[in-house]
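In: fold the following, please.
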Amino acid sequence: MKTSSERLADAMEQTRRKWRLRIKAEAAVAEATINLDQFMAALKVVEDDHQLVLEKVQALRNALCCLSEAGEQQPHQAIAILKDLSAFFGARFAKHMEEEEKNLFPFLEQTVPEGGSLVARLRLDHTAILNKRQEFADCLEIAAELMDDGLSRAVLLDLVAFGLELWELLDAHAHAETQAIRQCMVCRLPG
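Out: Predicted coordinates:
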């Protein structure tokens, strides 16, 4: 049989254990809140910019279709639209990718199984998009210079080809990021 001081010591130790467990639980809740806040910030970056990018990607596809239909006859309006879109993808979209790499990618690396390889693929996508955008911009510049003298069919076909390749890369990348975010959400769900 335990003495009263031993029982008191046991009770105090049990209380300490409960407090340690409670402190650990509170720390876990605080960490989950931080992770949730981090996730929501990353999600907001992606959602806000993806909506704008989606509109620009659709405008790119539409301008390329108009250019294909107008052909060598009336490329001026389509070329002007394509120049604006190229400038957008060169400036605003490049900034969007930087924000993703700063805010979204670290979170994906930590949260998603095989997050490191996923982020590596998304970074490769970013590089491919930037390179293709530059090829498209270069071709667009040549087309704009030649437009007054008459745009050759070869230049027109190159411009449409580079534009469609850029459109495909942007579309595939948006789907990959959306899939990564869904996977992240599933990993973060309790239970």
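In: going forward, measure contacts and count neighbours with C-alpha atoms only.
Out: Will do.
In: in the host helix or strand of residue 131, what counts as buried?
Out: Secondary-structure assignment from DSSP states H and E places residue 131 in helix 115-146. Buried residues in helix 115-146, counted by 16 or more other Cα atoms under 10 Å: 115-116, 118-119, 122-123, 125-126, 129-130, 132-137, 139-140, 143-144.
In: list the contacts for the residue nearest to residue 83 when sequence neighbours are not counted?
Out: Taking Cα to Cα, 6 or more residues apart in numbering as the measure, residue 83 lies nearest to residue 140, with 7.1 Å between them; neighbours along the chain are not counted. Contacts here follow Cα atoms under 8 Å, 6 or more residues apart in numbering; on that basis residue 140 touches 79, 82-83, 159.
In: going through those, which ones are buried?
Out: Once neighbours are counted (16+ other Cα under 10 Å), the buried part of the contacts of residue 140 comes down to 79, 82-83, 159.
In: quick check: the two most widely separated of those?
Out: Across those, the two members that end up farthest from each other (Cα to Cα) are 83 and 159, 11.5 Å apart.
In: give the helix, strand or coil label for residue 151.
Out: When states are read from DSSP: H, G, I helix; E, B strand; the rest coil, the local structure at residue 151 comes out as coil.
In: tell me how far it lies from residue 88.
Out: 24 Å (Cα to Cα, to the nearest Å).
In: now do residue 158
Out: On the measure of Cα to Cα, residue 158 and residue 88 end up 20 Å apart.
In: and the helices in this protein, which stretches?
Out: Ranges of helices within the chain are 4-70, 76-99, 105-111, 115-146, 153-188, based on DSSP state H.
In: returning to that earlier point: show me how far the helix holding residue 131 is from its chain's centre.
Out: In terms of Cα atoms, centre = their mean, to the nearest Å, the centre of helix 115-146 is found 14 Å from the chain centre.
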